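Visitor: following is a predicted model, sequence given first.
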Amino acid sequence: MYADALGLSRARIDRPDQEWIGGVRNWDYRYCWLRDATSTLDALLLGGFQNEARAWRDWLLRAIAGDPSKLQILYGVAGERRITEQEIPWLPGYEGSKPVRVGNAASAQLQLDVYGEVMDAMYQAHLAGIPPESATWKLQCKLMDFLESSWREPDSGMWEVRSGRRQFTYSRVMAWVAFDRAVKSVEELRLDGPSARWRSLRDAVHAEVCERGFDRARGTFTQSYGSRELDASTLLIPLVGFLPPDDPRVVGTVSAIERDLMRGGFVQRYSIDPGGASDGLPGPEGVFLACSFWLASCYALMGREADARGLFERLLALRNDVGLLSEEYDPAAKRLLGNFPQAFSHLALVGTAFDLHPGHPGRTHRRPY
């Protein structure tokens, strides 16, 4: 299954001196996120599973067909769009984690990064030998039409915060990815499109992110424009080709995350305000396994092979007896937390495994710097 299981809590630590990791951070995950879907397509292509990748691409295209302004960031596994969130107060929840929710309100959020992820997935499919179809490219052009007029809009970001929309740095980075892959699709794959206009927008996005999403005083990219908060999503900047891994701004971002977002040798996705001021939800959470894999990938690209392999091996050691990972981990209680099994964690594992073997031809296509 590429959709995750019913949302479990960030599970309780069974020690009286420890605070809950969970409670309200408890979601219904029986759906397929576009972000996970595009990562799945990438993993299949990297593994050489072209038939499966083609079928997955066709599912993705059916799911997102229609008005680009109504693109959802998650769908039912059969492409269902109606995913209204509601609480079920009579259920106790896993280990007493409440509220129990059915549906997921994130389906109504604007998350601009998914446009970049879809455009990149289609580009990678073409490079891997899955020929573009006219209907596919027409849909992609419609997505680009929407993004041209909307990329400056504040959104809810990849972490689906419930504290209001912001100018998230990662969202803008992925808008750059969308324009970049659109330009490359025209110039390299001979598809028809306004490459000069897209190239101009690509350059404008890149300049804005480097100006407004980077804290010069601390030498790091931040979670959103003008903020001081760090966010592990900025580890993806070299992984999607926005900047090379040896760029001082990337090196500074990795150093800041090592200093301020690591706990027990793993990476938190962002700083958590116990009062919920930063993301709109109270309470702590564990380290995020996908983010820890991203750091290992950054190490690999930066030439820090020992650090990359060391972190990768520590992450592999967290798997259960059948090799599965959850969404998060609690280093103090030494237990897996959250949704289980978590597709996002396993897909990040696949990506890092290939990053540790940089000679693999499929992986280098994602690095256009």
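Guide: On my side now, so go ahead.
Visitor: and R101, backbone torsions?
Guide: phi -120, psi 150 (degrees, to the nearest 10).
Visitor: hmm, L91 and it touching each other?
Guide: No - R101 is beyond contact range of L91, at 9.8 Å (criterion: Cβ atoms under 8 Å). No exception for glycine: its C-beta is placed from N, CA and C like everyone else's.
Visitor: who has more neighbours out of those two?
Guide: The neighbour count for R101 versus L91, taken as other Cβ atoms under 10 Å, is higher for R101 (20 against 12).
Visitor: separation between that one and P89?
Guide: Separation of R101 from P89 (Cβ to Cβ, to the nearest Å): 10 Å.
Visitor: over to P131?
Guide: Per Cβ to Cβ, P131 is found 51 Å from P89.
Visitor: for this structure, just list every one of the strands.
Guide: Along the chain, counting by DSSP state E, strands occupy 32-33, 74-75, 86-87, 101-102, 214-215, 220-221, 262-263, 266-267, 287-288, 328-330, 335-337.
Visitor: now for those strands, which one comes closest to W159?
Guide: For these, the distance to W159 is smallest for strand 287-288, at 9.3 Å, taking Cβ to Cβ.
Visitor: how far off centre is the closest one?
Guide: Centre-to-centre, strand 287-288 and its host chain are 13 Å apart (Cα atoms, centre = their mean, to the nearest Å).
Visitor: repeat that for stretch 109-123.
Guide: With Cα atoms, centre = their mean, you get 10 Å for stretch 109-123.
Visitor: with stretch 171-189 instead?
Guide: With Cα atoms, centre = their mean, you get 17 Å for stretch 171-189.
Visitor: again with stretch 234-246
Guide: For stretch 234-246, the distance to the chain centre is 13 Å (Cα atoms, centre = their mean).
Visitor: what are the buried residues along that stretch?
Guide: Within stretch 234-246, the residues scored as buried using 16 or more other Cβ atoms under 10 Å are 234-243, 245.
Visitor: and that stretch, C-alpha only, in PDB?
Guide: Provided in PDB are the C-alpha atoms of stretch 234-246 (Å, rounded to 0.1, in the frame of the first residue of the first chain):
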ATOM      1  CA  THR A 234      15.300  23.100   3.500                       C
ATOM      2  CA  LEU A 235      17.600  20.000   3.400                       C
ATOM      3  CA  LEU A 236      15.900  19.200   0.100                       C
ATOM      4  CA  ILE A 237      17.300  22.300  -1.600                       C
ATOM      5  CA  PRO A 238      20.400  20.500  -2.900                       C
ATOM      6  CA  LEU A 239      18.400  17.200  -3.500                       C
ATOM      7  CA  VAL A 240      16.100  18.900  -6.000                       C
ATOM      8  CA  GLY A 241      18.900  20.800  -7.700                       C
ATOM      9  CA  PHE A 242      18.100  24.300  -6.500                       C
ATOM     10  CA  LEU A 243      21.700  24.900  -5.300                       C
ATOM     11  CA  PRO A 244      24.700  22.600  -5.400                       C
ATOM     12  CA  PRO A 245      25.600  20.800  -2.100                       C
ATOM     13  CA  ASP A 246      28.900  22.700  -1.700                       C
END
